[in-house]
Structure formats: structure tokens, C-alpha cells
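> sequence and predicted structure below; questions after.
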Amino acid sequence: MRALTLFLVFTLAFSPFLNAAGTKDSASKKQTAASEPQKKEAVKEQKKLSPAEVLARLEAWDNKLNSLDITFTQEVWFKEADLKQTVEGNMQYLKPNMLRIEHKSPNRQIITTDKKAITIYKPDDRQAINATWDGWVKTQNQSFYGVLDFGNYSSLAKNNKYEVSGGENGQPYIIRFTPKEGTQYELEITLGVRDFFPTKAALTVGSAVTTTVLTKTSKNIKLDSEIFNQKLPEKTDIINF
């Protein structure tokens, strides 16, 4: 998956209010003094959440997510060979199971699925693969079904052990999932500081690390359902898997 840094810049302009005598308004002083307890109270409210509370925030987003449009960058690092591959693209999701993933570089590839069937089309080669979702997932690795099952993060907690780090001094929370049994892997999901929506995921399997960063995220917007139905061009070489 990919790495992302977001810079949020807030500019505040302050104009001290002066009374007719040229001194600061005493009411302004009182208001400033009164705001101090409120600031302290706000700090108290920013207490560190328990692991269960952090997971609940993630699942809450998952439950209320109806649609999604994101841009992503994904890097796969094969540590033993010290080889890295990077993919950039975008993804659309429509509840409950519609997914469209388009790789724009280095090679174009369009993937559409309704979690029953999946079509993978490579425009440059005029080749496409049609397969059942379950059959395709099993060829990838059956243990990763929960990871691939986008829109159902609650299944991750049911099928995996988890621990939470971060959350200090405005840092994001990170949830680390490891399987209760079966093939060993590690999935780390970084949550947004403000809304607890995933911004980054890192999946480690053996010596391969896949890091994905999500950017330009638009949630619960109107999407045309037709974008999830691929119409393959004529003379496309189709492989039924």
C-alpha cells in the first residue's frame, strides 16, 4: 500500500478590540480569562482511548459508509530481493459489495466485482479474466479473505487478534491485526486523527510488505452504479477462470 503525508494549515487573524480610550476592552479580558477553563476541559476530553474504543470507532465508520471514492498509492517491497513496485490509481465502493479499482500506473488495469464475480481487464493487452469472487480470493490466499472483504472491518476483529498503538499528543491510532490461526501475516491500519477513517494500511506476509496510502477521500457521495459494470471491448481475449 502507500505512504502519505497530509499538511493542514490553519491561519487565524487576531484583531484586538480597542475602546475609545485606546485600551483593550475589559470585557475582552474577561472573555479570555473565562476561556481558560474551557481549554483545560477540552484537554481532558482528549483522553487516550482503549483498544476496544478505537476498534469501535473504526467499525462505526464501516457501518455508516455507503459509498467511497479514493485515490491511492500502493508500494510492494520484497525485502529479500530489495525490490520495490509501486502502483497508483483510484477506487470506488458502493454498499454493500460493489468495488471498482483502476490501476493507472505503471500499467493500466481495471477490476470490478460485486463479491460474486470479478473481472480483471488489462486495456494495453486487450486481455481480461472473469472469475468467481470466492474462487479468485482462494487463489490469492484464503487466510486473507477478511483483509480483502472491504466494507466489513468487523470481520477483521472476529478472525484476528488485535492491538492498538498511538493516540498520544495528537498522533493517529494504529490497529495491528494478526491471525488467530492459519497463515501468518500482519495488517496495520492507520486511522485519521479527526475522523478515525483509515488513511494507510500495511500488510506484511513473509518477506513482502505492501503499503497503501489513501488520499483524496470522498465518503458517502452519489456514484453511478454503471461504473461497476465493465463492458469489455470487442476482440478482447477473455480467460474464464
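Done, it's in.

> ok, the residue positioned nearest the centre of the chain to D237 distance?
Centroid check for the chain by Cα atoms, centre = their mean gives P198 as the closest residue, at 3.5 Å. For P198, the distance to D237 (Cβ to Cβ, to the nearest Å) stands at 36 Å. No exception for glycine: its C-beta is placed from N, CA and C like everyone else's.

> got it, and E80?
34 Å.

> before we move on, what about D125?
The spacing between D125 and D237, counted by Cβ to Cβ, is 8 Å.

> also Y153?
Going from Y153 to D237 by Cβ to Cβ gives 36 Å.

> which one's more surrounded, those two?
Taking other Cβ atoms under 10 Å, Y153 and D237 do not tie; Y153 has more neighbours (21 against 11).

> need the next SSE after the lowest-mean-pLDDT helix or strand in the chain, C-terminal direction.
Ranked by mean pLDDT, DSSP states H and E, the weakest helix or strand in the chain is helix 26-45, scoring a mean of 47. Sequence-wise, the next helix or strand downstream of helix 26-45 (DSSP states H and E) is helix 51-64.

> let me see the ranges of the strands in the chain.
Ranges of strands within the chain are 67-78, 83-94, 98-105, 109-113, 117-122, 127-132, 160-166, 173-179, 186-191, 198-205, 208-219, 237-240, based on DSSP state E.

> strands paired with the shortest one, and their directions?
According to DSSP bridges, strand 237-240 has the following sheet partners: strand 127-132 (parallel).

> what does the second one give?
Taking DSSP bridges as the criterion, strand 83-94 pairs within the sheet with strand 67-78 (antiparallel), strand 98-105 (antiparallel).

> now the angle from the shortest one to strand 109-113?
For strand 98-105 against strand 109-113, the angle between stretch directions is 170 degrees (axes from the mean of the first three to the mean of the last three Cα atoms, to 10 degrees).

> centre of the chain to strand 98-105, how far?
Taking Cα atoms, centre = their mean, to the nearest Å, the mean C-alpha location of strand 98-105 is offset from the chain mean by 14 Å.

> run through who's touching it.
Under the contact criterion Cβ atoms under 8 Å, 6 or more residues apart in numbering, strand 98-105 has outside partners 87-93, 108-115, 150, 225, 227-228.

> buried ones in it?
Neighbour counts over strand 98-105 (16 or more other Cβ atoms under 10 Å) mark 98-103 as buried.

> quick check: mean pLDDT across that strand?
In this model, strand 98-105 carries a mean pLDDT of 93.

> run a quick neighbour tally on T112.
Using other Cβ under 10 Å, T112 has 19 neighbouring residues.

> check A52 too.
Going by other Cβ under 10 Å, the residues that sit close to A52 add up to 10.

> can you check the one 3 residues further on too?
Under the neighbour criterion other Cβ under 10 Å, L55 is assigned a count of 22.

> need the contact list for the closest residue to it other than its chain neighbours.
Sequence neighbours aside, A157 is the residue nearest to L55 in space, at 5.8 Å (criterion: Cβ to Cβ, 6 or more residues apart in numbering). Each residue near A157 by Cβ under 8 Å, 6+ apart is listed here: 55, 59, 177.
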